[in-house]
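Student: what's the 3D shape of this:
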Amino acid sequence: MGTPLGSDSDTSWLGTPIDVRPLFATELASLLDLLRTLRPADWEKAVVPGWTVRDLAAHLLGDYRGRLGWATPGFRPASGPGETLEAFIHRANQQWVDLHADTDPATLVGALERAGTQVVRRFEAADLDAAGLGVSWAGAMPAAPNWLDVAREFTEYWTHRQQIRHAVGLDTDTATRPLAAVLDTFLRALPHTLRATPATAGTQVQVVIDGPPGGTWTATATATTRWSLAEAPAGPPTASVHLDPETAWRLCTRGIEPTTALSSAHLQGAPHLARAALQIVSIVR
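Tutor: Below is the predicted model of the structure:
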């Protein structure tokens, strides 16, 4: 059992909890299968600015080891004076990747399998009601409910696998169950996205994602000035945004910018509220 959230830690505004624990084993198997099919040249292809497929695989290994609390000689990052959380995370990630710049693909895959297997077991046994690590992009700081922390971690593994697929010329893996879990997790950022958007209590903004992986998420402005996903839809929303699944997940991870998403989105109602919803970000930037 983990440490429960304090009695004064109301996180109902994040919406109904999601359980992604059964998805980790399949996600790891899909990653390992993908990496084992790569040709030597594929490992050197660019994934994101400054990182190759090899770098991203090393980054995933760092994520696994960090979750397991496994120490690595010569790697003990610490935040500097005045350094923001985002800056520290990006610096530590780069240091880890640099440390593994000469690690060959076979060694990386073996290490990913060993550590990943342990991570899967840990998440499968996770207490979803306990306190987890903070999820800054959802505004759940310094601690989030563990169901959101666990789901956030699943979205990171899934997203990085898609980035590798794209780098080597493959399309997004559109298997419905994991993509639905990813989208449901990403949309927990909607209340935080709207936090600086003034609205009278009861104002509702909906994001609708089409197709089997999609759904409808309704953020409601409350009397406490916080937007919430806990309220049920009450008639037509004040504004709505309709997106296809590919546009939605890429927008949330900034694979595309809001201006690009706007070209394929369908907006209804108050334009300023709909455009505000399109600023959603579900990663640490």
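Student: what's the burial count for Thr72?
Tutor: Here the number of neighbours of Thr72 (other CB atoms under 10 Å) works out to 13. All C-beta atoms are positioned from the backbone trio N, CA, C, and that covers glycine.
Student: what's the spacing between it and Arg65?
Tutor: Using CB to CB, to the nearest Å, we find Thr72 at a distance of 7 Å from Arg65.
Student: same deal with Leu32?
Tutor: As judged by CB to CB, Leu32 and Arg65 stand 16 Å apart.
Student: Asp10 too?
Tutor: Between Asp10 and Arg65 the computed distance is 33 Å (CB to CB).
Student: still on that earlier bit, who's more crowded, Leu32 and Arg65?
Tutor: Using other CB under 10 Å as the criterion, Leu32 and Arg65 rank with Arg65 on top: 20 against 16.
Student: correct me, but the more buried one touches Arg114?
Tutor: No - assessed by CB atoms under 8 Å, Arg65 is found out of contact with Arg114, at 10.0 Å.
Student: for the chain, which spans come out with low pLDDT?
Tutor: Scanning the chain for pLDDT under 70 picks out the ranges 1-8, 73-75.
Student: quick check: buried residues in the helix ranked longest in it?
Tutor: The helix spanning the most residues in the chain, taking DSSP state H as the definition, is helix 146-167. By neighbour count on 16 or more other CB atoms under 10 Å, the buried set for helix 146-167 is 146-165, 167.
Student: and what of stretch 22-29?
Tutor: So stretch 22-29, judged by 16+ other CB under 10 Å, has buried residues 23-24, 27-28.
Student: go through the residues you listed and name the one nearest Glu246.
Tutor: Of all the buried residues of stretch 22-29, Glu246 sits closest to Glu27, with 18.5 Å by CB to CB.
Student: ok, and what's touching stretch 250-264?
Tutor: For stretch 250-264, the external contacting residues (CB atoms under 8 Å, 6 or more residues apart in numbering) are 159, 163, 186-187, 189, 243-244, 247, 249, 275, 278-283, 285.
Student: what do you get if the cut-off is 10 Å, keeping everything else the same?
Tutor: Around stretch 250-264, the neighbours that count as contacts under CB atoms under 10 Å, 6 or more residues apart in numbering are 48, 137, 155-156, 158-160, 162-163, 166, 172, 182-183, 185-187, 189-190, 193, 241-244, 246-249, 265, 274-283, 285.
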